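Student: Task: produce atomic coordinates for the following.
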Amino acid sequence: MPASYVFVQKQDKHTWVKRLLFGTLLLFPFIAFFLWMFYQNLLKSEMLIRILADSSFPPVFVLALIAAIVSDDVAKIFYRSTSLHIDDVGVRLKLPPKSRWAILGFLEKDIAWTELKDATYVERFQLVQLRPQSGARFLNIRLKDWQLQNTVSNLNSGNAEPDLLTVFRELKILEKYPANSQLVEANFDLTKHPATKKLLFGIAILIAYSFVDTMLQHEEYAFFNLHYFLPHIVFGATFAVVLMGLMFKASKHAFIPRSNVIGLAILSGLVFGVSSYVGGIRINQLVGGPLLEARYHRDASCLNLLPEDKNLPVIEYPYHARKYWCSKNIDEVLTVKVRQGLFDLYQLDLGEWNKAIGHFKKS
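Tutor: Reported below is the predicted structural model:
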């Protein structure tokens, strides 16, 4: 083996296109949310400008977000300019001698094999992590990003990933030092284990059901409080505990990392609880009482609808609907469809009123 190997970053002509697509994908949920808010007249441009101009609006969060994006770009520029030097002494991430990015020299790393704590190859992500005993300057090396600078070697220079791995293996770095247990667990493929594969499929079905049924439903619970949440919290927690026990049992036959079991159980409990909440509305429609028309009046604040029948629930509306309800006379009868479901949980069909509020705000 030569005294030293030098690897350089692969040049990708489509780097900026990929970053643009990734950034768009990252921002899409936020953009879609704001567009939906504007479409539903829950937010207007004047209101957004007022919020941003308000002295109480914390600009530190915006500045922190900008700083995070800029620092990420700076780090990527640095790593694209570096070379990776590996020999029998250690590994060094270095800038060229006359690099225009010399100001970023503090990001260079130099790890000697004698100070190494662990070395981990994560095959799933094609990543090698080297952690020194101090733990402060660990190095993550993505194999696909590097290629040999010179091809005068007995390695297969046409294939960068095996070259870089071959260097580590010839030095016996991956054999001499233990692996990082947390990264080993991250290498576990949930889609290949029979138990976790079935569980992921079940979670996907529950999420799809919750989304579709929420879009199709016209009714909603009368209140958004603990009394209405509690049954579904109990169902979700019970489901998580039972599932965790079953997963640990399945792990005896085919190993599943403990952290994965706990994480999947918590995720499954949350998804099951949400599905239970959505399904509870549908169950009340099927086995609860009939959907009756009840007489309501707005209160003086224009934020609540008060029932003439004191046994029925008070309907609370957010502030954005205040102008609409104030346009109604306080003595005017407002007809609302109400259903008394199981365990005295009331449901409301406010579809017609919500449409009326939307038309009012657009006019």
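
Student: Which stretches in the stretch 51-200 of the chain count as strands?
Tutor: When assigned using DSSP state E, counting those that start in this stretch, the strands of the stretch 51-200 of the chain occupy the ranges 83-87, 90-94, 109-112, 116-122, 127-132, 139-142, 146-148.

Student: List the pairing partners of the fifth one within its sheet, with orientation.
Tutor: Same thing as strand 127-132. Paired with strand 127-132 in the same sheet, following DSSP bridges, are strand 116-122 (antiparallel), strand 139-142 (antiparallel).

Student: same deal with the last one?
Tutor: Strand 146-148 has the following sheet partners, assigned by DSSP bridges: strand 4-9 (antiparallel).

Student: Residue 244: which element?
Tutor: If you go by DSSP states H and E, residue 244 is part of helix 226-251.

Student: List the buried residues for that helix?
Tutor: Along helix 226-251, the positions that meet the burial threshold by neighbour count (16 or more other C-beta atoms under 10 Å) are 228, 231-232, 235-236, 239-240, 243-244, 247, 250-251. Backbone N, C-alpha and C define where each C-beta goes, glycine included.

Student: Output those as TSV; include the columns pLDDT and distance to residue 6.
Tutor: Listed next are these as TSV, based on pLDDT from 0 to 100; distance: C-beta to C-beta, whole Å:
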residue	pLDDT	distance to residue 6
228	83	64
231	89	64
232	92	59
235	95	59
236	95	54
239	96	54
240	96	51
243	95	50
244	94	49
247	93	46
250	89	47
251	87	44
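
Student: got a list of what residue 145 touches?
Tutor: Shown here is residue 145, whose contacts under the criterion C-beta atoms under 8 Å, 6 or more residues apart in numbering are 9-10, 79.

Student: Does residue 312 touch residue 338 like I think?
Tutor: Yes - Residue 312 is within contact range of residue 338, at 5.8 Å (criterion: C-beta atoms under 8 Å).

Student: okay, these two: which has more neighbours?
Tutor: residue 338 (24 against 20; other C-beta atoms under 10 Å).

Student: picking that back up, turn the strands of the stretch 51-200 of the chain into JSON lines, columns for distance to residue 359, mean neighbour count and mean pLDDT.
Tutor: Output for these, formatted as JSON lines (distance: least, C-beta to C-beta, whole Å; neighbours: other C-beta atoms under 10 Å; pLDDT from 0 to 100):
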{"stretch": "strand 83-87", "distance to residue 359": "63", "mean neighbour count": "18", "mean pLDDT": "90"}
{"stretch": "strand 90-94", "distance to residue 359": "61", "mean neighbour count": "20", "mean pLDDT": "91"}
{"stretch": "strand 109-112", "distance to residue 359": "62", "mean neighbour count": "16", "mean pLDDT": "90"}
{"stretch": "strand 116-122", "distance to residue 359": "55", "mean neighbour count": "19", "mean pLDDT": "90"}
{"stretch": "strand 127-132", "distance to residue 359": "55", "mean neighbour count": "20", "mean pLDDT": "90"}
{"stretch": "strand 139-142", "distance to residue 359": "54", "mean neighbour count": "16", "mean pLDDT": "88"}
{"stretch": "strand 146-148", "distance to residue 359": "60", "mean neighbour count": "19", "mean pLDDT": "86"}
